[in-house]
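Novice: Next one to model:
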Amino acid sequence: MSIYVGNLSYQVSQEELTKVFGDYGTVKRVQIPVDRETGRSRGFGFVEMGSDAEEAAAIEALDGAEWMGRDLKVNKAKPREDRKPAGGGWGGNSRGRERY
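Specialist: Purely as a prediction, here's the structure:
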């Protein structure tokens with residue numbers, strides 16, 4: 001399971017986030033999604049810790065804590081939902097359109 005970290009500064013790096021969470025145990029992985037158009041952080045990330053106890057300690061200590069001028073939102077990450085492809089376009093559905 002991983003930890004969701006919200007309200008991150010847009011300037012935060014994976015190394016900085018690793019260091020902060022490293023105070024609570026072994027950090028296995030850090031992911032900070034970036035906007036594909038701007039290349040800028042999206043303001044949230046995910047951290048995987050070495051054990052459930054380390055996760056719980058990090059969540060307890062860091063949820064609501066101020067870091068880099070922002071109050072962090074830290075909790076267990078929810079499983080990613082399978083999203084349907086975005087609709088749009090004409091899609092070949094002629095319902096509601098007249099054919100000439």
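Novice: Does Leu62 touch Gly22 like I think?
Specialist: No. Applying CB atoms under 8 Å as the test, Leu62 and Gly22 come out as separate, 11.8 Å apart. Yep, even glycine has a C-beta here, placed from its N, CA and C like the rest.
Novice: Show me which of the two is the more surrounded one.
Specialist: Ranked by neighbour count (other CB atoms under 10 Å), Leu62 and Gly22 place Leu62 first, with 20 against 15.
Novice: Contact partners for that one?
Specialist: Contact analysis of Leu62 by CB atoms under 8 Å, 6 or more residues apart in numbering lists Val5, Val20, Phe21, Tyr24, Leu72, Val74.
Novice: between those residues, which has the most around it?
Specialist: The most neighbours of any of these, using other CB under 10 Å, belong to Val5, which has 28 neighbours.
Novice: nearest spatial neighbour of it, skipping sequence neighbours?
Specialist: Gly45 (4.8 Å; CB to CB, 6 or more residues apart in numbering).
Novice: any idea how far Ala77 is from Met1?
Specialist: Distance, Ala77 to Met1, using CB to CB, to the nearest Å: 7 Å.
Novice: any chance you could map the strands in the protein?
Specialist: Ranges of strands in the chain, per DSSP state E, are 3-6, 27-31, 44-49, 66-67, 70-71, 73-76.
Novice: Nearest the geometric middle of this protein, what residue?
Specialist: The centre of the chain sits closest to Gly45, judged by CA atoms, centre = their mean, with a distance of 3.5 Å.
Novice: what sits against it?
Specialist: With contact set as CB under 8 Å, 6+ apart, Gly45 has these partners: Tyr4, Val5, Leu8, Val12, Gln14, Leu17, Val30, Gln31, Ile32, Pro33.
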